[in-house]
Each structure stands twice: as C-alpha cells, then as structure tokens.
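Next one to model:
(chains A and B)
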Amino acid sequence: MPDSRVVERPASVAAPPALAELRRVAIVPALNEEATVPGVIDELRAFDPGLDVVVVDDGSVDRTAEVAAAKGARVLRLPFNLGIGGAVQTGFRFAFENGYELAVRVDGDGQHDPSQLTAVLEPVLRGDADIAVGSRFAGEEHDGYRSSRSRRVGIRVLASVVSRIVGQRVTDTTSGFQALNRRGIALFARDYPHDYPEVEATVMVFRHRLRLVEVPVAMRERGGGRSSITALRSIYYMVKVVLALFVGLFRRPDLPEEVQP
Amino acid sequence: MTPLVVSILGSLASLALLLVVLELIRSRRLRERYALLWLATGVVLTALSAWRSGLNTIAGWVGVESYPPAVLFAVGILFILAVLLHYSTVISRLSDQNVLLAQRIALLEEQLRGAAGRRG
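As a prediction, this is how the structure comes out:
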C-alpha cells in the first residue's frame, strides 16, 4: 500500500499521483554533511516514501556515509574528493544504469527543501520539461534565505550571459535543486562538467535540445558544514566558467541527441 | 629598441600558442582548469611582443635597456616554470589518488571473493 502514510508536515504536499508509477531516485551529493544528511533523507521520505535515496559521499572525512547508511539510504562512497561535478555525475550514472525514469537532485547540506519538490517535479511529470530547475530568482521576491550580495551579483551576471547564449531566460544557473526525466539522466550520466558544473550544464542541456524549465523556489540557509566556495575560489570559478562557456560555443554536441526513455 | 622582426615573430608565436590551447580545450583534450596558466602565458607574451614601447619601458625598469627582448625570454621562462611547478603538484595528487584507487580495488576484490566463496 504505497503512499498512504505520508507524514503530516506543515509545508508538505502529497506527491502527485503519476509519480508513484515511475522508478524514481533522489541523488544527494554530500561533503562532510553528517549534521544535515539524516534530516534531508527523512524529509525526502516524508515527501515520497517510494523515492529511493542515494547519497554520494564525495570523500567526506566525517561520518556522512555512516549516518546516511544508518538511515537506509544507498551510499556511493567516492575514494577521494572529486568535486561537486564528479560527485553528482556519479549519482546520475547510478540512476541511468539502474534504469530510473525520474531523478531529483537535492543537496546534502539541507538548503533545498524536499517539500518543494512537488513544484520542481511538476513540469517534468507533465511532460513539459526534460529538466526542471528550482530557481531562487525566477518568481517574485520571497522571504526565504538569500545568499550574500556579491554571490547574488555573480549569479545574475552568469544568468544573463547564459540566457543570451541559450536564447531563453534563465535566472539561476547555479541551482542544484533539479528534477530530470530519463533523457536528462542519460545526458548527465554521459557528460557532466567539472568543478562548478551547473552553469555549463545549463548550456549543455540546450545544445542537446533538451527542454529546461525553471521553477521558483525558496532556499534555506545551510544547516551545517561549510560552503565549498570561498572568495578566491569563486574568482577562479568565474574565470573558468566564462572560459568554458566561450569555448563551448565552438563545440558541437558530440553525443547522440536521441536517448530512448 | 626591440628589432621589428623579433616583435612580429614573438607575436605570431604567442598567438599560435593561444590558438592551439583554445583548440585543445574545444576538442576536450585539455581541461579548462589546466589551460588557465597556458592561456595567461599566451596573453602576456602576445602583449609583450606586440606592445613594443611597453617592452622597452619594462626592460628599462629591470636594467636590460641594451636588449629589451631579453625580458620576453625571462617572462616566458617564468611562466614555463610556473606551469611545470603546477604540473608537479597535479602529478603528486594524481599519484596519491592512484594509490588510493589501487587499495580500494584490492579491498573490493577481497570482499567479492569472500562473498563468492560463501555462496559456493
């Protein structure tokens, strides 16, 4: 009897009916997030008990893998830190090889609220998008957590550059709060950028003619741990990402366009 | 003053370096993170080769007025040193990771053999 005992939570909405018919997985990248990962797993279960949870432990030195396994999640433990791109792609490969039809990506630091997955999943379930991205800036101003000013400016600059390149307005190219169908999973399983991947991934999605839709969401403050992005690093990332975007313009999509669902 | 032919050849060579690096990135044979130092090398050497009065000024600062192109060599060598040092750190990290991978595989194989043995 699936889906009959959704835990009552104030902000939570029961999963849409079509969801129950799909093989679905939540990919949770985590680096030293032992404090927050158990809560994220609980919230994912509360949102949808039929959702398989796979935690990708990106070389944590704390007990992230143990606490995740204790919560009953599948744990992919990387032998050393691959960076967020490599870690997330591990999850997509897992989803692809295990035949999942739907995947959501929720960060292990707790900044993504699983109860908002209803909204993020909707365009994908409706068949309007291959990839839906939860954006902090897509809708009206909200009272959720807002990142620092310099970070917001950086995100906006990248967003406007990317919007120009892909010819569709995107507002949050750094969001890792995503839902993907089988085509999206297949693309990212085969090819996913490194280091600071979401910006390049957004452009890649369009170049492969997949449909990307943004959904307004509010994000929470990080529950624990530390952001992997420091000031000096973010400059390096900006330069690297701009270079990658520029060079990417001259690159033909070299992967098959058609992926059978 | 830098001979004109040195400026022209220097500019062409460093532009060629830039183009080769960009093409290597485009064809995915060079990752962006390892290309940044090469790109910086190409940009600085192109600028120093093409901007003749600037090269003279810098040569004056460092006391090689007699032959300004020496600054080109010096800067080029410095960048090559930086790239080499960077690669040494990269190779060190890769060999550490390689050791770790070999160890993980050995542990996994042992686990697999153990599991197969228990079944058989």
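
Residue of the stretch 1-150 of chain A nearest chain B, please.
Closest residue of the stretch 1-150 of chain A to chain B, CB to the nearest CB: A:P79 (4.8 Å). In this view, the C-beta of every residue, glycine as well, is placed from N, C-alpha and C.

And for that residue, the neighbour number?
As a burial measure, A:P79 scores 13 neighbours (other CB atoms under 10 Å in any protein chain shown).

My read is that it contacts B:R104, right?
Yes - at 4.8 Å, A:P79 counts as touching B:R104 under the criterion of CB atoms under 8 Å.

coming back round to it: SS state for the residue of the stretch 1-150 of chain A closest to chain B?
Here A:P79 is recorded as coil under DSSP: H, G, I helix; E, B strand; the rest coil.

What pLDDT is listed against it?
The predicted structure scores A:P79 at 93 on the pLDDT scale.

so who does residue 67 touch?
Just going to use chain A. Neighbouring residues of A:V67 by CB atoms under 8 Å, 6 or more residues apart in numbering or on different chains: A:E34, A:V37, A:P38.

switch to chain B, that's the one I care about
B:A59.

In contact with residue 117, which residues?
No chain in the question, so chain A it is. Counting by CB under 8 Å, 6+ apart, A:L117 makes contact with A:F47, A:D48, A:V104, A:V106, A:A179.

In CSV: these, plus neighbour count, pLDDT and distance to A:V199.
Listed next are the contacts of A:L117 as CSV, based on neighbours: other CB atoms under 10 Å in any protein chain shown; pLDDT from 0 to 100; distance: CB to CB, whole Å:
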residue, neighbour count, pLDDT, distance to A:V199
A:F47, 26, 95, 27
A:D48, 24, 93, 29
A:V104, 27, 97, 20
A:V106, 29, 96, 19
A:A179, 28, 97, 19
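
Next step: those residues restricted to helices.
A:F47 (DSSP state H).

Name the residues of chain B found near chain A, please.
B:22, B:25-26, B:28, B:31-33, B:35-36, B:39, B:96-97, B:100-101, B:104 (CB under 8 Å from any CB of the partner chain).

Take those residues and keep only those in helices.
B:22, B:25-26, B:32-33, B:35-36, B:39, B:96-97, B:100-101, B:104.

Separate out the buried members of those residues.
For these, a burial check counting by 16 or more other CB atoms under 10 Å in any protein chain shown picks out B:L22, B:I25, B:R26, B:E32, B:R33, B:A35, B:L36, B:L39.

now, among those residues, which is nearest to B:G114?
B:R33 (39.5 Å; CB to CB).

wait, doesn't that closest one sit right on A:H194?
Yes - the criterion here is CB under 8 Å, and B:R33 meets it with A:H194 at 7.4 Å.

Helices of the stretch 151-261 of chain A, start to end?
A:182-190, A:197-207, A:231-248 (DSSP state H, counting those that start in this stretch).
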